[in-house]
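Trainee: turn this into a structure:
(2 chains)
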Amino acid sequence: MAKLVTDVVCPFCGTLCDDLEVSVTDDGKKILDVYNACAIGAEKFLHSQASDRITRPRMQDEDGNWKDVSYDEAVEYTAKILADAKKPLMYGWSSTNCESQAVGTQIGEVTGAIMDNTATVCHGTTLIAVQDVGIPSCTLGEVVNRADRIVFWGCNPAHAHPRHMSRYSIYPRGFFTGKGQKSRKLVVIDPRCTDTSKLADYHLQIEQGRDYELFDAFRVAFKGEKLPDTVAGIPKKTIYEVAETMKSGRFGIIFFGMGVTQSLSKNHNIDAAISVTRDLNDYSKWSIMPMRGHYNVTGSGEVWGWLHGFPFALDLSRGFARYNPGDTTSNDLLRRDEVDAVFVLGSDPGAHFPFGSVKKIWGLPSVCIDPHITPTSAVCKLHVPVAFVGVETGGCAYRMDNVPIECRKVVEPPEGMLTDEEFLKKVLTRVKELKGA
Amino acid sequence: MAEYLIRNGFVYDPVLGIDGDKKDIAVKDGKIVETTALSKPTEINAAGMTVMAAGVDVHAHVAGPKVCVGRNFRPEDKLFNSTPQAGIKRMEGGFSVPTTLRTGYNYARMGYGFVMEAAMPPLFARHVHEEIRDTPIIDEAALPVFGNNWFVLEYLKNKEIENTAAYIAWLLRVTKGFGIKNVNPGGTEAWGWGMNCETVNDVVPYFEITPAEIIRGLIEANEYLGLPHCMHVHGNSLGEPGNYTVTLDTLKQAEGYTAKNDFGRDTVLHHTHLQFHSYGGTSYSSKGFESKSKEVMDYVNKQDNITFDLGVVTLDETTTMTADGPFEHHLSHMNHLKWANVDVELETAAGVVPFIYNPKSYIAGAQWAVGIELGLYAKDMMKTYITTDHPNAGPFTRYPRVIKWLMSRAAREHMLEKELKYGDSIRNTCYIGEIDRELTLFEIAQMTRAGPAKVLGLSHMFGSLRPGCEGDVAIYPYNPEAIDPSRDPELIERAFSTAQYLIKGGEMVVKEGDIVSNGSKRTFWVDCTTSENPQVQRDISEKFKRYYSVTEANYEVSGHHYVPNPYVIEVDASQ
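Mentor: Next comes the predicted model:
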């Protein structure tokens, strides 16, 4: 026999689908199947059931041999390296709930840490651009109900946010969009042919790294001014045509991804993209939205926003909050040898940081808190496995459009396992003792 | 719990009619008590100081998604003003949009105990509650916005007050909200298509209903339910020259309605930040603009069912934020600064734009004058409240400065003569120069405590030092016998900026000007019972199935995490 848990929130990507159904055994201990999820999301639930899962913290010695330790020992080690460090880096925070982020921030306050999240190698450039020019945006339901123009720029939701198109952007029939896909024009701007671009009415196969120029060309085209024959490899006729398509919509939206945030020009690309959106609002109604990756990277920016006023690269080492990307961002700190302890939770810098940064982590007192074995856990001195947020414990997460949704607990974690929040609370208590705070 | 005896202060309590008499105030078990009820109190010598119930703020944007947009997109707002951890006090930062921590601490420093978050987008209710939870000391509540909500528009178009009321009761319960906020009625829905409703008679696209019908419908639904607070409106055409006629039209919608509730509230419409709505003329220049505060107040003073708050411009660099999406778009085209906007499906929108009220410009000074004039023309100070529409017209930390301007003609003259570049033009186009009135401390206590508590339906708890009220007492270093407002206006501002003591819920949180406790803040919300309404329930399920991007089951804000320390006000509207 099985029971069905409905309205389950998927803790994988920023799409934060909340219509999953998960069948579990009657004792609530084992997941049998996952419905409505994409392949990645389903795997996240099923992966928690792996029989070879690590369930106890473990430490590695200099030769790379692992030894199981108790949670108490893990708390002690973590608290000690953070308390002893002059400038610890507490990185990650994107694959956990807001409750843990809030407790982690208090640890950072007590130890004078630098807090940084995965935006630092992802949409951090977007956040900088927003600080320059703002951002006209909307919730995903607005796109469902109103949008007749969709632009995907430098992103491939078919693979990275698999249910985005069916739930929010291309296919759904909404209040003013009863014809679904038929009522929408889709523009994809991407140097590659992707499974997303195959669906497009216009696929502008832009020259790599020339996004800024094309954004600017659109701003010229909206005003009907002159363009050179080609911009970024796109003939001017196409640019005028697409510009007209955008202006003639009732409600449009630009979704953009790492293709523009982390390619040449970085935040300046996003500056230009947002300016395109601002310009379009003189003709019709337009919004723009970053395709945030981790399911709660947005939430970490919000939690730090309300507690300290900055969405990433948060430096608490001077006793108050500072923010200076390039100075207080993780890779810059690691490469300049400015941090003397590394704490990672809810992210995998081992897989995503430049190798030079990863080597620095390997050389420092370090702890990785993650349910999985990851490249990060492999280079850290201590690996603390925890319960899966969104599967074995609930908590608040913020969708890519900043809408907060409360994740559900579907099954019990393996016996004796702590959640992120429980582990962090123990560390906070111990850190306060060590610091005499 | 500790007992406190506050001795020999000059007490101001409009509810009890105490006007500066020397009296002792007693606090025990979190409440105000008779002095005879104390056994071993800690004595506080308040001789030479002013004692009032803790302040109550009727309208401020202090928690939620747009506030956090303001924080995150304005790193410059934190430049050179962060302060480190000290004792139990955590790090603070921010000026016009302070962090939640500084928000709580600064209200406490000003002697405030309760703050109403003025606009909660229902879909983002969790965010609002997370921020409220992380704001120390002060009790808070939030008003969900209804004026552009599709359910409301559809029900009111069909004149279905009972269904509107049932939906409102449901939404207050699932979002843990307090009352009905109505921002730019109809205009924000029109903004979904880049349009607006500029008068109360403009028709909302598709929904074919007018702002006037929305305002009246929400008043009726509010009184049908008997909620503690009245319908709280931000009218159409905010900030536009000549908008005072729209404002009068908005206010007139309340005619003929009387309050029905068990909370001692006797008004049906609260118009917020009236300053932004009392403009005449055709442009923002000194040749085209004029104050219409007198005309608006001539009407307001004749009505007995309307309250309002000032929304005084404080001439600072600040961050504007409102659910009036089209207005923020308009504003960004005036000052060309960064513009953030969020349209919220089926419900509302919000915009955020930084703004510099430059004392060297004519219009900022004229706006300042309009706000102060409203306060000075008001006849019933129990219906007139001090706000800056934080952070829109200025940060809430400027309330003491507003108090100074209201209490001292000399302070106003100083502004017109020394601080404002176009003082003469402002005298010519506004009324400020011709008003002699100086408000008294008793009137200030009405405007910042007793009055707001009454209109929020919380006069049984806040705004007075009557035994039985919450043990919320503020003690200011202000000696009304020694200070002459016309000679030393700066002392007014200084005293109300730095309460010497604040006792909140019977606990001392500010002692000799320092934060000594993070308090035990509560979130207030209204649980309103209505008789079962299958149609509304069916409509809700239908809308979630078809048009919302979250499921119905994932919409409700659960108590444990988001509202860990609730104070629930129960209302029975099932009869």
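Trainee: ranges for the strands of the stretch 401-550 of chain B?
Mentor: Taking DSSP state E, counting those that start in this stretch as the test, the strands found in the stretch 401-550 of chain B are B:473-476, B:501-504, B:507-511, B:514-515, B:523-530.
Trainee: would you mind measuring from the closest residue to residue B:348 other than its chain neighbours to residue B:243?
Mentor: Nearest non-adjacent residue to residue B:348, counting by Cβ to Cβ, 6 or more residues apart in numbering or on different chains: residue B:145, 4.6 Å away. (Each C-beta comes from the backbone N, C-alpha and C, glycine too.) Using Cβ to Cβ, to the nearest Å, one gets 20 Å for the distance from residue B:145 to residue B:243.
Trainee: these two: which is more packed in?
Mentor: Shown here are residue B:145 and residue B:243; by other Cβ atoms under 10 Å in any protein chain shown, residue B:145 has more neighbours (28 against 23).
Trainee: doesn't residue B:121 make contact with that one?
Mentor: Yes - with contact defined as Cβ atoms under 8 Å, residue B:145 reaches residue B:121; the gap is 6.2 Å.
Trainee: from what I can see residue B:510 touches residue B:110, true?
Mentor: No - counting by Cβ under 8 Å, residue B:510 does not reach residue B:110; the two are 9.5 Å apart.
Trainee: any common contacting residues for these two?
Mentor: Counting by Cβ atoms under 8 Å, 6 or more residues apart in numbering or on different chains, the residues touching both residue B:510 and residue B:110 are residue B:499.
Trainee: so where's the chain shaky on pLDDT?
Mentor: Since no chain was named, I'll use chain A. Applying pLDDT under 70 to chain A flags residues A:1.
Trainee: what helix or strand is whatever residue of it ends up closest to chain B located in?
Mentor: Nearest to chain B in chain A, going by Cβ to the nearest Cβ, is residue A:141, at a distance of 2.8 Å. If you go by DSSP states H and E, residue A:141 is part of helix A:140-146.
Trainee: what is the next helix or strand after that helix packed up against?
Mentor: Next in sequence after helix A:140-146, counting helices and strands by DSSP H and E, comes strand A:149-153. For strand A:149-153, the packing partners by 3 or more Cβ pairs under 8 Å, 6 or more residues apart in numbering or on different chains; DSSP states H and E come out as strand A:185-189, helix A:236-247, strand A:251-256.
Trainee: mind checking how far whatever helix or strand comes next after the first one is from the chain centre?
Mentor: Meaning strand A:185-189. Per DSSP H and E, the first helix or strand lying C-terminal to strand A:185-189 is strand A:202-204. Put simply, strand A:202-204 sits 27 Å off its chain's centre (Cα atoms, centre = their mean, to the nearest Å).
Trainee: cool, and stretch B:249-256?
Mentor: On the basis of Cα atoms, centre = their mean, stretch B:249-256 sits 21 Å off its chain's mean C-alpha point.
Trainee: same question for stretch B:111-131.
Mentor: The chain centroid and the centroid of stretch B:111-131 are separated by 11 Å under Cα atoms, centre = their mean.
Trainee: let me see the mean pLDDT of it.
Mentor: In this model, stretch B:111-131 has an average pLDDT of 98.
Trainee: quick check: which element contains residue B:107?
Mentor: Residue B:107 belongs to helix B:100-109, assigned by DSSP H and E.
Trainee: which residues touch the helix holding residue A:141?
Mentor: Here helix A:140-146 has contacts from A:150, A:167-169, A:172, A:174-177, A:250-251, A:253, A:285, A:287, A:289, A:399-401, A:403, B:123, B:192-193, B:343-346, B:547-550, using Cβ under 8 Å, 6+ apart.
Trainee: relative to residue A:344, how far out is residue A:114?
Mentor: Distance of residue A:114 to residue A:344, given as Cβ to Cβ: 13 Å.
Trainee: not counting sequence-adjacent ones, nearest residue to residue B:183?
Mentor: Spatial nearest neighbour of residue B:183, chain neighbours left out: residue B:323 (4.0 Å); criterion: Cβ to Cβ, 6+ apart.
Trainee: give the buried residues for the longest helix belonging to chain A.
Mentor: Longest helix in chain A by number of residues, with DSSP state H as the criterion: helix A:420-435. Buried residues in helix A:420-435, defined by neighbour count with 16 or more other Cβ atoms under 10 Å in any protein chain shown: A:420-428, A:430-432, A:434.
Trainee: which of these sits closest to residue B:39?
Mentor: Proximity of the buried residues of helix A:420-435 to residue B:39 (Cβ to Cβ) peaks at residue A:432, which lies at 35.2 Å.
Trainee: residues contacting the closest one?
Mentor: Going by Cβ under 8 Å, 6+ apart, residue A:432 touches residue A:110.
Trainee: burial count for the residue of the stretch 251-400 of chain B found nearest chain A?
Mentor: Using Cβ to the nearest Cβ, the closest approach of the stretch 251-400 of chain B to chain A is made by residue B:345 at 2.8 Å. Residue B:345: 28 surrounding residues under other Cβ under 10 Å.
Trainee: that one: what's it in contact with?
Mentor: Per Cβ under 8 Å, 6+ apart, neighbours of residue B:345: A:138, A:139, A:140, A:141, A:142, A:144, A:145, B:123, B:547, B:548, B:549.
Trainee: quick one: least confident helix or strand in chain B?
Mentor: Counting by mean pLDDT, DSSP states H and E, chain B has its least confident helix or strand at helix B:559-562, which shows a mean of 85.
Trainee: which strands or helices does that one pack on?
Mentor: Counting by 3+ Cβ pairs under 8 Å, 6+ apart, helix B:559-562 packs on strand A:395-398, helix B:125-133.
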